[in-house]
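Colleague: Just need the structure, nothing else, for what follows:
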Amino acid sequence: MRFLGSCSFVLLLLAPALVSADDYKVEPIKDAPPAGVAPEIASGLNGQGYRVTDDQGKPFAEIWLRKAIPAKAKPAGANGAIQFPFLAEGELLGVLHLVGEAHDYRDQTIDKGVYTMRYGLQPVNGDHLGVSPFRDYTLLLPAAKDKAVASLPRKQLEAQSSEAAGTSHPAVFFMLSVPANAPVSMIHDEAKNTWRVALPLSLTAPGESHPIPHPVSFILSGVSEGA
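Modeller: Next comes the predicted model:
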């Protein structure tokens with residue numbers, strides 16, 4: 001399996017010139033998750049979702065995050081190439097409703113529909129060694145086939161996500177860290193022509209009596225130069 005495979009990808013990620021803009025927009029919504037989400041998963045979602053509209057003002061996607069995401073530890077920064085070492089691979093993050101056809105970070109076509117969002121890591125193998133400084137991705141899985149909250153083993157995670165893309169490769173949205181006080185917002189990188197949404201995960205960590213809000217961002221529009 002390949003995630004992304006070009007040295008240009010490294011250059012793509014290292015350039016830090018991020019600019020806030022307001023073409024794409026995100027707003028909170030109180031709508032219930034769409035039909036097609038398994039009851040076990042739907043019951044674990046936050047009642048507040050988020051709607052992203054594109055630069056034409058049309059609905060692009062809706063996201064419902066999980067009420068409480070088990071974390072292995074309290075967030076304390078990156079661990080090498082992993083920005084979110086507190087997350088377990090295969091962990092459920094939320095649900096995504098693509099209003100129309102979209103493209104993942106590898107420029108694969110993703111049909112409109114409802115998908116679960118699970119955390120995954122770019123494999124460390126000959127195809128990717130030294131290619132990317134970060135390995136964090138959200139993998140999309142068809143909601144109709146992902147019906148339990150429990151985390152998935154890598155093989156199953158990648159196989160089911162590949163079904164979302166209709167290829168042999170998982171459907172991937174790249175994840176990036178944001179400042180701890182980052183608000184819900186859209187972030188535009190003009191140089192890379194990407195749009196990412198910053199949203200707060202709610203984490204439950206060992207030894208912590210209350211959920212920990214931790215914002216992260218997902219690139220929803222724009223592809224890797226190495227795609």
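
Colleague: so where's the protein shaky on pLDDT?
Modeller: Low-confidence segments of the chain, defined by pLDDT under 70: 1-22, 126-133, 227.

Colleague: Nearest the middle, which residue of it would you pick?
Modeller: residue 138 (3.5 Å; C-alpha atoms, centre = their mean).

Colleague: so what's that residue up against?
Modeller: 93, 117-120, 172-175, 218 (C-beta atoms under 8 Å, 6 or more residues apart in numbering). Just so you know, the C-beta spots here come from the backbone N, C-alpha and C atoms, and that holds for glycine as well.

Colleague: Repeat the analysis, applying 6 Å as the threshold.
Modeller: Neighbouring residues of residue 138 by C-beta atoms under 6 Å, 6 or more residues apart in numbering: 117, 173, 175, 218.

Colleague: those strands in this structure, which residues are they?
Modeller: Assigned by DSSP state E, the chain shows strands spanning 19-20, 25-29, 49-53, 59-65, 69-70, 92-98, 102-103, 109-110, 113-121, 136-142, 171-177, 185-189, 194-204, 212-221.

Colleague: Out of these, the one nearest residue 76 is which?
Modeller: strand 212-221 (10.7 Å; C-beta to C-beta).

Colleague: How about the closest one, which residues are buried there?
Modeller: Neighbour-count burial for strand 212-221 flags 212, 214-221 (criterion: 16 or more other C-beta atoms under 10 Å).

Colleague: before we move on, the earlier item: can you say which of the strands of the chain is nearest to residue 36?
Modeller: It's strand 113-121; of the strands of the chain, that one is closest to residue 36 (C-beta to C-beta) at 4.5 Å.

Colleague: Determine the longest helix present in this structure.
Modeller: helix 154-165 (DSSP state H).

Colleague: Mind exporting the C-alpha coordinates of it to CSV?
Modeller: Output of helix 154-165 as CSV, limited to C-alpha atoms (Å, rounded to 0.1, in the frame of the first residue of the first chain):
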residue,chain,number,x,y,z
ARG,A,154,-4.4,-1.4,10.7
LYS,A,155,-5.1,-4.1,8.0
GLN,A,156,-8.9,-3.7,8.4
LEU,A,157,-8.7,0.1,8.7
GLU,A,158,-6.8,0.4,5.4
ALA,A,159,-8.9,-2.2,3.6
GLN,A,160,-12.2,-0.6,4.5
SER,A,161,-10.8,2.9,3.8
SER,A,162,-9.8,1.7,0.4
GLU,A,163,-13.4,1.0,-0.3
ALA,A,164,-14.2,4.6,0.3
ALA,A,165,-11.8,5.6,-2.5
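
Colleague: follow-up on the earlier one: nearest to residue 185, out of the contacts of residue 138: which one, please.
Modeller: Distances from residue 185 to the contacts of residue 138, taken as C-beta to C-beta, are shortest for residue 218 (12.2 Å).
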